[in-house]
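1. give me coordinates for this.
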Amino acid sequence: MDDLVEKTLRIVYASDRVMPAHYTNTNDRKQTFAIDFDDMSEVDEYEMASEAFYSVPNMPELTQEQLFQLIHIGEDVMIGAFIIAVFGGEGHAEELKDIILKDSKVIMGDSAIEYIDHCRDFGLARAKNKAE
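-> Numbering: from 1, shown residues only. Sure, this is the predicted structure:
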């Protein structure tokens, strides 16, 4: 595993959020991923938390707990892609996504994978917009 991927995963997995970021608050931020990353502004968090929550596909076969697990995975992929792109390792976003999916215990169908890919792409785009 690349050092940049490992560093990014440590940051992503340091989050102690239980609910999706859309519902998570800390003392100074609403809709937060609850991670310590100085290059992620409050606006970045709000935009990504909203996108992860509102873009999840309609999957009536999932329980609310399973749906929240899927959103949590999407959020991890999204913020991971954002962070690794900020570090200059955009090309490692797919590897990062694969590791996060491998670590998850949720069975992924086609629409879930499309959602996860969307989350990766949104995180990358958000970081790119930040750099411009």
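
2. next, count neighbours for S104.
-> Residues near S104, counting by other CB atoms under 10 Å, number 16. In this view, the C-beta of every residue, glycine as well, is placed from N, C-alpha and C.

3. residue contacts, it?
-> Neighbouring residues of S104 by CB atoms under 8 Å, 6 or more residues apart in numbering: Q69, I73.

4. show the pLDDT at it.
-> Here, the pLDDT recorded for S104 equals 83.

5. if you drop the residues flanking it in sequence, what lies closest to F33?
-> Of all residues not flanking F33 in the chain, A21 sits nearest, at 4.7 Å (CB to CB, 6 or more residues apart in numbering).

6. need the contact list for that neighbour.
-> Q31, T32, F33, A34, E45, M48, A49, A52, F53, E75.

7. which of the residues you listed tops the neighbour count?
-> Busiest of those [other CB under 10 Å] is A52, holding 29 neighbours.

8. on that earlier part again, tell me the two of the contacts of A21 that are most distant?
-> The distance between the two most remote of the contacts of A21 (CB to CB) is 14.9 Å, for A34 and F53.

9. quick one: the residue nearest to F33 and D3, what's the gap?
-> Distance of A21 to D3, given as CB to CB, to the nearest Å: 26 Å.

10. which residues does D2 contact?
-> Contacts of D2 by CB under 8 Å, 6+ apart are G89, H92, E95.
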